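Undergrad: Fold the stuff below for me.
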Amino acid sequence: MKTLGKILFIFTLIVLLLWLLPWTYRFLTATSSNSPFILYSGIINDFAIRDRTDGEASYSDLSGNRYTEAQFDSILPLFYCRQLMAEERLPDTLHGIAITPRSIQTGNFIFRMTPLTVNARTVPLYPLLESMSGRVDLEMPDDVFRMNGRMEFIDMASNSIKEGKSRQFTDMLMKKGFIFPARLVAGNPTVKKDYDEGYLMVDHRGQLFHVKQVKSRPYVRPIEVPTGVDIAHVFVTEFRDRRSLAFLTDSEQRFWVLRTGTYEFVQVDIPPFDPKTMSLTIIGNMFDWTLIVDNGHKKAFYAVSASDCKSLGTMERAATAPSPAREIGKYVFPVRIEFSSTLNKDIFPKLTLGKW
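TA: You can find the predicted model right below:
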């Protein structure tokens with residue numbers, strides 16, 4: 001028994017050392033990193049770059065041209081519209097189209113997704129908001145639904161099934177050709193948005209459906225999916241301009257935009273994108289979008305047209321080079337144990353070799 005106790009003690013000590021020593025070393029040798037701000041400019045048809053070194057900001061583009069801060073604001077008028085308005089330098093038209101502060105605000109959006117959110121575990125209970133309440137502010141419902149053998153609504157106060165509402169929505173889904181159980185349910189269950197588009201659901205056979213509540217009645221619309229597209233992830237957007245309903249990825253890691261109203265699939269002209277391992281930021285306006293894809297080793301910047309999602313430009317930047325102390329750490333601690341990951345929120349021990 002004493003021998004077993006010693007073995008367990010030594011094993012526990014080794015595990016703790018493999019975890020605590022590398023963690024302490026990384027904490028003590030941590031350094032700040034500088035990431036430049038990069039955004040595509042439709043004025044110069046190039047990427048505009050704002051970098052900061054030793055507290056001093058520099059402004060340039062991918063071609064190497066230098067700018068003052070005021071000039072930099074001018075080549076990104078839709079992003080710096082408030083500054084240009086304050087200085088009375090906001091143009092009246094861009095690319096032959098009249099612009100106003102309101103149209104700029106409506107067309108601008110920022111969208112982010114990371115592996116941490118995509119891989120997060122979720123509770124399969126979803127609130128269905130009223131999409132046409134007639135009120136400016138959205139309100140959370142008093143029930144939630146789940147997708148098992150049917151669309152089943154549960155009253156949250158009494159924890160009882162709303163049979164009438166459940167039958168109403170389930171019958172409409174089945175009438176439109178929905179096959180249970182659902183493979184995927186995607187939406188934005190929050191009132192902190194300008195309007196509600198309900199949920200996009202993928203049924204058991206892979207067919208896509210748009211489901212929402214309109215005047216307390218079910219709205220179900222089957223959406224034709226292009227041949228060869230097997231939907232893997234759906235991200236409902238609900239941007240102010242209402243031009244896009246959702247972003248989607250498929251099993252081939254292609255990135256798509258689903259248009260509002262027409263339900264047209266438009267492929268975004270970027271290389272394969274895997275939301276489970278890559279983060280994505282989109283900074284968009286009424287004319288173009290800048291997509292920033294980070295796989296942990298490098299950042300790739302893609303500019304696409306807002307109208308047809310065709311490529312306007314591409315650039316890449318390698319990840320910040322590790323400090324000499326971090327490089328030494330690879331050899332001082334070639335084996336270590338980590339409990340967290342940048343890809344998910346699960347706490348689980350993982351043995352890491354070589355990588356830092």
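Undergrad: Just confirm Ile328 is within a strand.
TA: No. Checked against DSSP: H, G, I helix; E, B strand; the rest coil, Ile328 lies outside a strand; its state is helix.
Undergrad: what's around it, how many residues?
TA: 14 (other Cβ atoms under 10 Å). C-betas here are computed from N, CA, C, even on glycine.
Undergrad: so how far is Pro334 from Leu20?
TA: The gap separating Leu20 from Pro334 is 16 Å, by Cβ to Cβ, to the nearest Å.
Undergrad: Is Leu291 in a helix, a strand, or coil?
TA: strand.
Undergrad: Would you agree it is in contact with Ala306?
TA: No. Between Leu291 and Ala306 there is no contact under Cβ atoms under 8 Å: 11.6 Å.
Undergrad: Looking at these two, which one has more neighbours?
TA: Just comparing Leu291 and Ala306: by other Cβ under 10 Å the higher neighbour count belongs to Leu291, 23 against 18.
Undergrad: Quick check, pLDDT for the residue nearest the centre of the chain.
TA: The chain has Met113 as the residue nearest its centroid, 2.1 Å off, counting by Cα atoms, centre = their mean. Listed pLDDT for Met113 reads 95.
Undergrad: which residues does it contact?
TA: Phe235, Pro275, Ser279, Leu280 (Cβ atoms under 8 Å, 6 or more residues apart in numbering).
Undergrad: and it, backbone torsions?
TA: With angles defined as degrees, to the nearest 10, Met113 sits at phi -140, psi 140.
Undergrad: Point to the helix or strand of the protein where mean pLDDT is at its lowest.
TA: Between all helices and strands in the chain, the lowest mean by mean pLDDT, DSSP states H and E belongs to helix 324-332, at a mean of 69.
Undergrad: could you pull out the helices for the chain?
TA: Shown for the chain, the helices assigned by DSSP state H span residues 2-28, 69-75, 81-86, 101-107, 115-118, 163-175, 324-332.
Undergrad: could these go into TSV alongside distance to Glu264?
TA: Listed next are those as TSV, based on distance: least, Cβ to Cβ, whole Å:
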stretch	distance to Glu264
helix 2-28	48
helix 69-75	32
helix 81-86	29
helix 101-107	19
helix 115-118	24
helix 163-175	23
helix 324-332	47
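Undergrad: Of all these, which one is nearest Ala157?
TA: Ala157 lies closest to helix 163-175 among these, at 14.6 Å (Cβ to Cβ).
Undergrad: if I look at the closest residue to Phe348 other than its chain neighbours, how far off is Asp346?
TA: Once flanking residues are discounted, Phe348 sits nearest to Phe339: 6.7 Å by Cβ to Cβ, 6 or more residues apart in numbering. Phe339 sits 9 Å away from Asp346, going by Cβ to Cβ.
Undergrad: What of Met156?
TA: 28 Å.
Undergrad: And Ile104, by the same measure?
TA: Per Cβ to Cβ, Ile104 is found 41 Å from Asp346.
Undergrad: Of the two, give the one with the bigger neighbour count.
TA: Between Ile104 and Asp346, counted using other Cβ under 10 Å, Ile104 has the larger neighbour count: 20 against 12.
Undergrad: Go ahead and confirm the more buried one touches Phe79.
TA: No. Taking contacts as Cβ under 8 Å, Ile104 lies outside contact range of Phe79: 9.3 Å.
Undergrad: which residues are in contact with both of those two?
TA: Asn285.
Undergrad: contacting residues around Ser305?
TA: Taking Cβ under 8 Å, 6+ apart, we find Ser305 in contact with Phe287, Asp288, Trp289, Leu312.
Undergrad: Please give the number of neighbouring residues around Phe235.
TA: Based on other Cβ under 10 Å, the number of other residues close to Phe235 is 19.
Undergrad: again, but for Gly206
TA: 14.
Undergrad: Apart from its chain neighbours, what residue comes closest to it?
TA: In space, Gly206 is closest to Asp230, 6.1 Å off (Cβ to Cβ, 6+ apart).
Undergrad: Next one: that neighbour from Thr29, what distance?
TA: Applying Cβ to Cβ, the value for Asp230 to Thr29 is 45 Å.
Undergrad: Name the residue in those two with the higher neighbour count.
TA: Using other Cβ under 10 Å as the criterion, Asp230 and Thr29 rank with Thr29 on top: 14 against 10.
Undergrad: Phi and psi next, for the more buried one.
TA: Main-chain dihedrals, Thr29, degrees, to the nearest 10: phi -100, psi 10.
Undergrad: I'd like the distance from it to Lys330, if you could.
TA: From Thr29 to Lys330 the distance is 12 Å (Cβ to Cβ).
Undergrad: Now list whatever residues contact both of these two.
TA: Joint contacts of Thr29 and Lys330 (Cβ under 8 Å, 6+ apart) do not exist.
Undergrad: mind listing what the nearest residue to Ser216 once chain neighbours are set aside touches?
TA: Nearest non-adjacent residue to Ser216, counting by Cβ to Cβ, 6+ apart: Glu130, 6.9 Å away. Residues in contact with Glu130 (Cβ under 8 Å, 6+ apart) are Leu138, Glu139, Pro141, Asp196, Gln213, Val214, Lys215, Ser216.
Undergrad: how far away is Glu130 from Asp308?
TA: Glu130 is 34 Å from Asp308, where distance means Cβ to Cβ.
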